[in-house]
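Q: Predicted model and sequence follow; I will ask about them next.
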Amino acid sequence: MKKLMLGNAAFARGLYEAGCKFVSSYPGTPSTEITEEAAKYDEIYAEWAPNEKVAMEAALGASIAGARSFCGMKHVGLNVAADPLYTASYTGVNAGMVIAVADDQGMHSSQNEQDSRHHAIASKVPMLEPSDSGECKDFVKLAFEISEEFDTPVIVRMSTRVAHSQSSVEALDRNEPALREYTKNPQKYVMMPAFAKTRHVFVEERTQKLIAYAETSPLNRVEISDKAEFGVITNGAAYQYVKEALGEKASVLKLGMVNPMPVKLIQDFAAKYEKVYVIEELEGIIEEHCRNIGVNNVQGKEIFGYIGEINQAVIAEKLLGVKREFISLSENIPNRPPVMCAGCPHRGLFYCLSKLKVTVSGDIGCYTLGAAAPLTAVDTTICMGASISALHGFNKARGSESEHKTVAVIGDSTFMHSGMTGLVNIAYNNSNSTVIILDNSITGMTGHQQNPTTGKNLKGDPAAAVNLEELCRAIGIKRVRVVDPYHLAECEAAIKEELAADEASVIISRRPCALLKYVKHNPPFKVDADKCVGCKMCMKLGCPAISIKDGKAVIDHTQCVGCGICKEQCKIGAIE
Amino acid sequence: METKSIMIVGVGGQGSLLASRLLGNVLLAQGYDVKVSEVHGMSQRGGSVVTYVKYGDKVYSPVIEKGEADAVISFELLEAARCLPFLKKGGHLITSVQQIDPMPVVTGAAEYPADLEGKLRDAGVDLVAVDALSLAEQAGTAKASNVVLMGVFAALTDFPDELWQNALEQCVPPKFLELNKKAFELGKAAK
Ligand SMILES: Cc1ncc(C[n+]2csc(CCOP(=O)(O)OP(=O)(O)O)c2C)c(N)n1
Ligand code: SF4
Ligand code: SF4
């Protein structure tokens, strides 16, 4: 029966049908649901690893052991896992290994817009790219075949649109391959120079074979239209925009395998038309390849650029000169940025930081929203883990005066991912830095995944929990204390004391995320309109439940979870 | 059949996922090729949330661009105004009259435009504005305003009622089913 499935759910279905046995991933929008959906199949062992490097190494281990394996991540996650990737290319696999990397064209929820195809090219690992949910499932199954036939991990590149769009998929049964035999083979799996040299030769030969495969693979498809005025070469989500905008006006070469790319197939296709447009999101990788193989009648990036998503309207306008009319109000429509939830435990802590005017080395998670008005507490946000390491560098550069005015903030999941090593650096290389771990007992930003500090695993079963206090002490930080971010005075005092101290310290701001099911909320608070003087002190917290109506504060009882920080903030006692 | 495009818009947490799931279910049961596109992540923390639903003989692009939507279903007035440019000439704009202040309005950096309902009516679109929140509360919970609005949409279109009922049964947990069916009927009657 056909069902509507999210690209990510169809991907997971592909893992199931292909007989994948082992899944290890780290969450990251838009890749997360692949692993969450895979975990719903009892036949698949699935886990959240502390970061992408660990996930990929675990998946490679499972593959070497003889089980079909998978790891998934977002585009920036592949940077973290790049080290194992580039050498897994040399070792190859035993049972098939598939890697999902989800790019985020348009940066719907990311800190950069990098194009993961660069990693596939540089590591010489084949990369497939589906255009809808049906292809997600089919390509994953084919990826396992390619992986085993060519002795290589295979990357399947997703994008926000493909991952988070639903289209119909036909679910089939699982094929259960037996565990492959494991035999010791150091020439293949021990990558020291002598052995790696022969494997590099193998990798180059494999690439040639993969190019030959790409020439005739069903992954790459030519769709000829008799009415075509020009040709288009495209991939991924862009294929859908091309078909919608151009219909029969163009013949299309759809590349489902984006690394390595075919040569003759492209040359022959391009020779049929005077003009060929390459329509690809982000980098001009297909276009450059065309020029490298002597196909010069192509145009792409000079028309479509390198930034954000392409869509059918852009294609219709640029290539056909057709523009749709639309209506809009002359009114200024205020935008609606995301905000921390009412009762978010991060809010109280950020309010204190903002009040104390400290420089905040920030990180990535729900708490990045502390950078927005009215809190505007964050100075920098780079990549996961950078808060702690960058603070150390900042303080070494500016000396002891800076050490008393700066902090790093980092979430529990991010601390486990790559923050710990930065703290080791602070202890080892001795900067008097203050690190605040925002421990909300969950990976909030990506939709509430468990992590090594929460005491539960991906399936929701009890698991070992890292004790953050003991971990920080073991690293060599002597001043470690815990505060409750619902108590502003306590937080403010702790921050002041730790900034004043002459050694490194860690403050753990501990309170579970307000959206977690087990969290019990207090009854909502109310503003006594007779007492409220309209001073707007409570507004400085940026709680979405509080607004000003007719000069007085009002609390929306449907949103308020009774965290009480506005009550503490109201010196008049108008909030009850 | 030419592809039809419907946009469901609202504020994070208002339940647009269920609405698009219901609609997708009905359309698939009608035998259409269907694509539903959601954006997760940042948009969930109280930001604007947009879902695209497209159907026809063969749907390619999952996204809807300006001037393409046959209908916009909005859970909030400001979001309706924000998405007005996506509507086709003569398209339907169905909106709840609920107003939720975005953070720039809360902090005083911007103002919530006055009389948006009137301005939308004057914009020359086919506007249906309903108090979905009150109707949902009448059905038993404010959370069902998404289903109320789907009821309004159902009344404007001619998909068999049976398909909607099946979709509700498939997408809503049994203990909330009666309540949601009531919300759906109230929406249908409100049109
Ligand atoms: C290398 C990398 N992997 C994954 C992500 C996606 N991501 C963004 S924030 C985040 C985790 C946030 O969790 P936590 O640190 O616990 O903070 P919270 O959101 O709960 O406040 C993840 C996984 C990323 N940005 N970079
Ligand atoms: S999901 Fe949790 S951690 Fe994230 S903003 Fe909401 S309350 Fe805060
Ligand atoms: S108690 Fe105050 S700050 Fe906390 S959620 Fe309610 S209104 Fe917001």
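A: Perfect, I can see it now. Ligands and ions are numbered 1, 2, ... in the order given.

Q: Whichever strand or helix holds B:A80 vs chain A: in contact?
A: For B:A80, the element it lies in under DSSP states H and E is helix B:77-83. Yes: shown here: helix B:77-83 in contact with chain A (CB under 8 Å from any CB of the partner chain) through B:78-79, B:81-82. (C-beta placed from N, C-alpha, C; glycine too.)

Q: Take those and write them to TSV, including neighbour count and distance to ligand 3.
A: Formatted as TSV, the residues of helix B:77-83 next to chain A follow (neighbours: other CB atoms under 10 Å in any protein chain shown; distance: CB to the nearest ligand atom, whole Å):
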residue	neighbour count	distance to ligand 3
B:L78	26	21
B:E79	27	22
B:A81	22	27
B:R82	22	25
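
Q: Report the two of those residues separated the most.
A: Greatest spacing in those, by CB to CB: B:E79 and B:A81 (7.3 Å).

Q: Reformat the residues of helix B:77-83 next to chain A as JSON lines; add distance to A:A194.
A: JSON lines is the format used below for the residues of helix B:77-83 next to chain A (distance: CB to CB, whole Å):
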{"residue": "B:L78", "distance to A:A194": "67"}
{"residue": "B:E79", "distance to A:A194": "63"}
{"residue": "B:A81", "distance to A:A194": "68"}
{"residue": "B:R82", "distance to A:A194": "63"}
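
Q: closest to A:C513 among those?
A: Of all the residues of helix B:77-83 next to chain A, B:E79 has the smallest distance to A:C513: 25.6 Å, by CB to CB.

Q: Could I get the pLDDT score of that closest one?
A: Here the pLDDT value assigned to B:E79 is 96.

Q: before we move on, what about B:Q44?
A: 67.

Q: ok, back up a step: which other residues reach the helix holding B:A80?
A: With CB atoms under 8 Å, 6 or more residues apart in numbering or on different chains as the test, helix B:77-83 has contacts from A:329, A:331, A:333-334, A:336, B:7, B:9-11, B:48, B:50, B:69, B:72, B:74, B:93, B:95-100, B:102, B:112-113, B:116-117, B:119-120.

Q: again, but for stretch A:190-203
A: Everything outside stretch A:190-203 that qualifies as a contact, by CB under 8 Å, 6+ apart, is A:87, A:89-92, A:124, A:151, A:186-188.

Q: pLDDT wise, what is the residue in the stretch 1-150 of chain A that chain B sits nearest to at?
A: Of all residues in the stretch 1-150 of chain A, A:S109 sits closest to chain B, at 3.0 Å by CB to the nearest CB. The predicted local distance difference test score for A:S109 is 91.

Q: Can you tell me how far the spatially most central residue of chain B is from ligand 2?
A: Centroid check for chain B by CA atoms, centre = their mean gives B:I73 as the closest residue, at 3.2 Å. Applying CB to the nearest ligand atom, to the nearest Å, the value for B:I73 to ligand 2 is 26 Å.

Q: which residues touch the helix or strand hosting that residue?
A: Under the criterion of DSSP H and E, B:I73 resides in strand B:69-74. Strand B:69-74 is contacted from outside by B:4-10, B:19, B:80, B:83-84, B:86-88, B:91-96, B:149-150, B:152-153, B:156, using CB under 8 Å, 6+ apart.

Q: Now do the domain split for chain A, please.
A: If you go by automatic domain parsing, the domain ranges for chain A are A:2-216, A:220-320, A:346-510, A:520-576.

Q: Measure how buried A:T183 is and give me the count.
A: A:T183: 8 surrounding residues under other CB atoms under 10 Å in any protein chain shown.

Q: where does it land on pLDDT?
A: With respect to pLDDT, A:T183 has a value of 98.

Q: cool, and B:G12?
A: We have a pLDDT of 86 for B:G12.

Q: Likewise for B:V125?
A: Note on B:V125: pLDDT of 89.

Q: can you tell me which residues contact it?
A: By CB under 8 Å, 6+ apart, the contact set of B:V125 is A:327, B:84, B:87, B:90-93.

Q: Flag whichever of the residues you listed scores worst on pLDDT.
A: Among the contacts of B:V125, B:G90 carries the lowest pLDDT, at 87.

Q: which strands and helices sit next to the one helix or strand that one maps to?
A: Using DSSP H and E, B:G90 sits in strand B:87-96. Judged by 3 or more CB pairs under 8 Å, 6 or more residues apart in numbering or on different chains; DSSP states H and E, strand B:87-96 is in contact with strand B:69-74, helix B:77-83, helix B:116-122, strand B:126-130, helix B:145-156.

Q: For chain B, give me the ranges with low pLDDT.
A: In the predicted model, chain B carries pLDDT under 70 at residues B:40-44.

Q: and the longest helix for it?
A: Across chain B, the longest stretch assigned as helix under DSSP state H is helix B:174-190.

Q: quick one: buried residues of that helix?
A: If you call a residue buried by 16 or more other CB atoms under 10 Å in any protein chain shown, then helix B:174-190 has these buried ones: B:176, B:179-188, B:190.

Q: With just CA atoms, put stretch A:112-122 into PDB.
A: The C-alpha trace of stretch A:112-122 is given here as PDB (Å, rounded to 0.1, in the frame of the first residue of the first chain):
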ATOM      1  CA  ASN A 112      26.400  27.800   7.600                       C
ATOM      2  CA  GLU A 113      25.400  26.600   4.200                       C
ATOM      3  CA  GLN A 114      28.200  24.300   3.200                       C
ATOM      4  CA  ASP A 115      27.800  21.900   0.300                       C
ATOM      5  CA  SER A 116      28.600  18.300   1.400                       C
ATOM      6  CA  ARG A 117      29.500  17.200  -2.100                       C
ATOM      7  CA  HIS A 118      32.900  18.700  -1.400                       C
ATOM      8  CA  HIS A 119      33.500  16.000   1.300                       C
ATOM      9  CA  ALA A 120      32.500  13.200  -1.100                       C
ATOM     10  CA  ILE A 121      34.800  14.500  -3.800                       C
ATOM     11  CA  ALA A 122      37.700  15.000  -1.400                       C
END
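
Q: Looking at that stretch now, give me its mean pLDDT.
A: 98.

Q: for stretch A:135-146, same thing?
A: For stretch A:135-146, mean pLDDT is 98.

Q: repeat for stretch A:369-387
A: The average pLDDT for stretch A:369-387 rounds to 96.

Q: Can you confirm whether that stretch lies near ligand 2?
A: No: judged by CB under 6 Å from any ligand atom, stretch A:369-387 and ligand 2 are separated, with a smallest distance of 6.6 Å.

Q: Is ligand 3 within reach of the helix or strand of chain A with the lowest mean pLDDT?
A: The weakest-scoring helix or strand in chain A, judged by mean pLDDT, DSSP states H and E, is strand A:546-549 (a mean of 90). Yes: taking CB under 6 Å from any ligand atom as the criterion, strand A:546-549 and ligand 3 are in contact, through A:I546.

Q: Which helix or strand contains A:V554?
A: Assigning secondary structure by DSSP H and E places A:V554 in strand A:552-555.

Q: In that strand, which of the residues would be classed as buried?
A: Buried residues in strand A:552-555, defined by neighbour count with 16+ other CB under 10 Å: A:553, A:555.

Q: That strand packs against which elements?
A: For strand A:552-555, the helices and strands in contact under the criterion 3+ CB pairs under 8 Å, 6+ apart are strand A:546-549.

Q: Setting the sequence-adjacent residues aside, check what's closest to whatever residue of chain A ends up closest to ligand 1.
A: With CB to the nearest ligand atom as the measure, A:G411 is the residue of chain A nearest to ligand 1, at 2.1 Å. Once flanking residues are discounted, A:G411 sits nearest to A:G365: 3.9 Å by CB to CB, 6 or more residues apart in numbering or on different chains.

Q: who touches that neighbour in this structure?
A: Applying CB under 8 Å, 6+ apart to A:G365 gives the contacts A:410-411, A:413-414, A:438, A:443-445.

Q: you'd agree A:A463 is up against A:K456?
A: Yes: with contact defined as CB atoms under 8 Å, A:A463 reaches A:K456; the gap is 5.7 Å.

Q: any common contacting residues for the two?
A: A:Q450.

Q: how many neighbours does A:P186 have?
A: Neighbour count for A:P186, taken as other CB under 10 Å: 10.
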